[in-house]
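K.L.:
Give me coordinates for this.
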Amino acid sequence: MIAGGDMKARRHEDPPILVCADLQNVYLAEGRIDDDARAVSTRCLALLSLWRDNLWPVLHLKRIAQAAWFNPASDLTDWIAEFRPRPGEMVFEHPLPSAYSSTRFAEYMSTMKNIRCAVTGFSLDETVLATVVEGFHRGHRYQVIADAVACGRADIADAYKLSMIRAAGNFAGVADSGDLIEAAAALTA
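P.N.:
Coordinates of the predicted model:
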């Protein structure tokens, strides 16, 4: 899975790390959820379940911006129940859009060699895009799973989401969840 979209699995390769970006309640809150967000969360859950069933590496990103309106008592910043990190899964909280704003994440990624990451989740126009751009410049390989990512707001048109995926495609491979599932099946065969 390199920038260019090659999703063919090779038996000698390890599966990519599944990166679940910003899967918090706020993105499925009333008034923000739409059909795309529901479909994206379903695809994210299918991929996460596949990774968990095979005990493959999963990494969770959570943006922890401290805006003036931020209420730590609110459950909107909690994980969506199905996506709550499990023991053994890595969790990185980051204050700025790029996950590399987390020192722990930046250090973790810098120690990995020949790592591939498949990115799913919400906040395509912030966390996902910023992370793949910075990762590209650091020599890290990402694959954005186009039908398993969504922008943070339900009122944004499909054309905006498509433009964000195209922008991310300049710095990462782009594939669909079906391609990733097919490649994963080849690894387990």
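
K.L.:
contacts, neighbours, all on C-alpha from now
P.N.:
Will do.

K.L.:
any residues touching the longest helix out of those in the chain, and which ones?
P.N.:
As assigned by DSSP state H, the longest helix anywhere in the chain is helix 35-53. By Cα atoms under 8 Å, 6 or more residues apart in numbering, the residues outside helix 35-53 that reach it are 18, 20, 27-28, 57-58, 82-83, 120-121, 147-150, 154, 177, 181.

K.L.:
same question for that helix, mean pLDDT?
P.N.:
Mean per-residue pLDDT for helix 35-53: 90.

K.L.:
Tell me the helices and strands packed up against whichever helix or strand comes after it.
P.N.:
Going down the chain from helix 35-53, the next helix or strand is strand 58-63, by DSSP states H and E. Counting contacts by 3 or more Cα pairs under 8 Å, 6 or more residues apart in numbering; DSSP states H and E, strand 58-63 is packed against strand 17-21, helix 35-53, strand 90-94.

K.L.:
Kindly reformat these as a markdown table containing mean neighbour count and distance to Ser110.
P.N.:
What follows is those, written out as a markdown table (neighbours: other Cα atoms under 10 Å; distance: least, Cα to Cα, whole Å):
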| stretch | mean neighbour count | distance to Ser110 |
| --- | --- | --- |
| strand 17-21 | 23 | 14 |
| helix 35-53 | 17 | 23 |
| strand 90-94 | 18 | 14 |
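
K.L.:
can you tell which of the ones you listed is closest to Arg141?
P.N.:
strand 17-21 (10.5 Å; Cα to Cα).

K.L.:
chain center to that closest one, what's the gap?
P.N.:
4 Å (Cα atoms, centre = their mean, to the nearest Å).

K.L.:
quick one: strands adjacent to it?
P.N.:
strand 58-63 (parallel), strand 116-121 (parallel) (DSSP bridges).

K.L.:
mind checking which of the ones you listed is nearest Pro97?
P.N.:
Taking Cα to Cα as the criterion, Pro97 comes closest to strand 58-63 out of the strands paired with strand 17-21, the separation being 7.1 Å.

K.L.:
what does that closest one contact?
P.N.:
For strand 58-63, the external contacting residues (Cα under 8 Å, 6+ apart) are 17-24, 48, 51-52, 85, 89-97, 99, 127.

K.L.:
Now the helix or strand where Glu107 lies: buried residues?
P.N.:
In the assignment (DSSP H and E), Glu107 maps to helix 103-111. In terms of neighbour count (16 or more other Cα atoms under 10 Å), helix 103-111 has its buried residues at 105-106, 109.

K.L.:
for the top strand by length along the chain, what is the average pLDDT?
P.N.:
Secondary structure of the chain per DSSP state E: the longest strand is strand 141-149. The pLDDT scores in strand 141-149 average 95.

K.L.:
Tell me which of the strands paired with strand 17-21 sits most buried.
P.N.:
Comparing the strands paired with strand 17-21 by mean neighbour count (mean count of other Cα atoms under 10 Å), strand 116-121 comes out on top with a mean of 26.
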